[in-house]
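**Q** Pasted the sequence and its predicted model underneath.
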Amino acid sequence: MLKAVTFDAGETLVRPRGSYGAVYERVTATFGMRIPARIFDEEIPRAFRALEWPLRTSPEIERRRWEEVTRKVHEALPADLPFKEWFEAVYQAFAEPAVWEPLPGAAETLRALRAMGLRTATISNWDERLTGVLDGLALAPLLDATFIAPDVGWRKPAKEIFLAACRALGAFPDETLHVGDSPAEDVTGARAAGLHAVLFRPSDPTALRHLSHLLHSAPLVMHTGALPRE
């Protein structure tokens, strides 16, 4: 019997207003420089791919990695920005709830799951900034817990973060469904830990509503074997 549903955070429950690059553009404008969001949206994924993200982590490691990502973006910019001040401004900007918005159906889905008696949580590779964002978007009260990699000590797809969430939620892995937008971190990682998993496609604005309808299926709730693991 399904007892808990966990969610990735970024691009599953919440997303930046406009784009990640739009946030960088707004921050950079406060330094008197106009750089289009599209440039940041091109450079941010490159910076992420250029770095190794070890599964074992801590608050210090995560902040250092974010600084390294931002430095690589900074190095690619056609402008001379004071890096230290600019990084701090970017880092803090993403902690502001106003920068984010819930994905369509996020709150409705969490309410529906709670009404079904299911426990819910986020399992995220974010840092401590996520807690304030979820609270500011009124999603935190709809969740039973939030698990972030630096607190647990492991990043997805490590099984440890999934198992820690299951223990805290009082559900065995095979009684837990994880939902996320990353095939490797969310789907492969969750299934390797023994959870059920479904891939969330943020390009579908009704995806979370479809999930809510799916979970109202009696066979799914009563028999988690109905969810394929492959």
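**A** In hand now; what should we look at?
**Q** From here on, just use CA atoms for contacts and neighbour counts.
**A** Noted.
**Q** What is the end-to-end distance of stretch 80-99?
**A** 25 Å (Cα to Cα, to the nearest Å).
**Q** swap that for stretch 72-89, sorry
**A** One end of stretch 72-89 sits 16 Å from the other (Cα to Cα).
**Q** Over to stretch 88-104?
**A** Using Cα to Cα, one end of stretch 88-104 lies 30 Å from the other.
**Q** Tell me how the chain divides into domains.
**A** If you go by automatic domain parsing, the domain ranges for the chain are 4-15+100-226, 16-98.
**Q** Which parts of the longest helix along the chain count as buried, going by neighbours?
**A** Assignment by DSSP state H gives helix 59-75 as the longest helix of the chain. Across helix 59-75, burial judged by 16 or more other Cα atoms under 10 Å covers 59, 62, 65-74.
**Q** From the contact counts, what lies against that helix?
**A** In terms of contacts (3 or more Cα pairs under 8 Å, 6 or more residues apart in numbering; DSSP states H and E), helix 59-75 is packed against helix 37-50, helix 83-93, helix 149-152.
**Q** ok, now with 7 Å
**A** If contacts are counted by 3 or more Cα pairs under 7 Å, 6 or more residues apart in numbering; DSSP states H and E, helix 59-75 sits against helix 37-50.
**Q** angle of the helix it packs on against helix 59-75?
**A** Interaxial angle, helix 37-50 versus helix 59-75 (axes from the mean of the first three to the mean of the last three Cα atoms, to 10 degrees): 130 degrees.
**Q** Centre of the chain to helix 37-50, how far?
**A** Relative to its chain's centre, helix 37-50 lies at 18 Å (Cα atoms, centre = their mean, to the nearest Å).
**Q** try stretch 146-164
**A** With Cα atoms, centre = their mean as the basis, the mean position of stretch 146-164 lies at 12 Å from the chain mean.
**Q** Mind exporting the C-alpha coordinates of that stretch to CSV?
**A** Output of stretch 146-164 as CSV, limited to C-alpha atoms (Å, rounded to 0.1, in the frame of the first residue of the first chain):
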residue,chain,number,x,y,z
THR,A,146,11.7,18.8,3.5
PHE,A,147,14.9,16.9,2.9
ILE,A,148,17.8,18.8,1.4
ALA,A,149,21.1,17.3,0.5
PRO,A,150,23.4,19.3,2.7
ASP,A,151,21.4,18.4,5.8
VAL,A,152,21.2,14.7,5.0
GLY,A,153,24.8,14.6,3.8
TRP,A,154,24.1,13.0,0.4
ARG,A,155,22.9,14.3,-3.0
LYS,A,156,20.6,12.5,-5.3
PRO,A,157,20.9,10.0,-6.9
ALA,A,158,22.6,8.5,-3.7
LYS,A,159,20.2,6.0,-2.1
GLU,A,160,20.9,7.5,1.3
ILE,A,161,18.9,10.6,0.8
PHE,A,162,15.9,8.6,-0.4
LEU,A,163,16.1,6.1,2.5
ALA,A,164,16.5,8.9,5.1
